[in-house]
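Asker: Predicted structure and sequence below. I'll ask about it afterward.
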Amino acid sequence: MSNGSINISGSTVGVISTGNNAHITIGTQQIAALPNASEDSKVQLKRLIEQLNQELQKVPAEQQVQAKEVAEIVEGLLTQASAKEPNKTLLKITAEGLKEAAKTLASVMPLILPLATEIAKIIANFG
């Protein structure tokens, strides 16, 4: 019997969600290619996203939709920040959207909001 989980490694992967007990994972592979980020920022961003991934795994089933939204917004921010010339305004707006989405989970998963806020702050400065 399958537990509904999938393990993918060695490739660039976005948000993954399968089965009733979906696991939401934000890929971190594209961080290395961010053109406007220092190595320190890349290391810090990867660490924060890994921590956010751990917290998203713990989100109760009733909040899975909101958790997936948070993950998708982070993926969108990473994609936008990976552009040769990122749109600074769009990065800032999307970063604010990330913080708002994270607020919807703050009552059940209090660590998600500060992690999302820090991720948003770092990525918004890449433009």
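Answerer: Everything's here; your move.

Asker: Now the closest residue to Asn36 other than its chain neighbours: which helix or strand?
Answerer: Counting by CB to CB, 6 or more residues apart in numbering, Phe126 is the residue found nearest to Asn36 once chain neighbours are left out, at 4.5 Å. Every C-beta, even on glycine, is put in place using the N, C-alpha and C of the backbone. For Phe126, there is no enclosing helix or strand under DSSP states H and E.

Asker: can you check Glu85 too?
Answerer: Glu85 belongs to no helix or strand when assigned by DSSP H and E.

Asker: how close does it get to Ala120?
Answerer: Between Glu85 and Ala120 the computed distance is 20 Å (CB to CB, to the nearest Å).

Asker: Settle this for me: Glu69 is touching Ala101, isn't it.
Answerer: Yes. The pair Glu69 and Ala101 qualifies as a contact (CB atoms under 8 Å) at a distance of 5.0 Å.

Asker: In terms of neighbours, single out the busier of Glu85 and Ala120.
Answerer: Between Glu85 and Ala120, Ala120 has the larger neighbour count (other CB atoms under 10 Å), namely 24 against 8.

Asker: Give me the contacts around the host helix or strand of the more buried one.
Answerer: Using DSSP H and E, Ala120 sits in helix 112-124. Outside of helix 112-124, the residues within contact range by CB atoms under 8 Å, 6 or more residues apart in numbering are 37, 41, 44-45, 48-49, 51-52, 55-56, 59, 70, 74, 77-78, 81, 91-92, 95-96, 98-99, 101-103, 105-106.

Asker: Now, of these, which are buried?
Answerer: Of all the contacts of helix 112-124 considered here, the ones buried according to neighbour count by 16 or more other CB atoms under 10 Å are 37, 41, 44-45, 48-49, 51-52, 55-56, 59, 70, 74, 77-78, 81, 91, 95, 98-99, 101-102, 105.

Asker: Please narrow those residues to those residing in strands.
Answerer: Taking DSSP state E, every one of the buried ones among the contacts of helix 112-124 sits outside strands.
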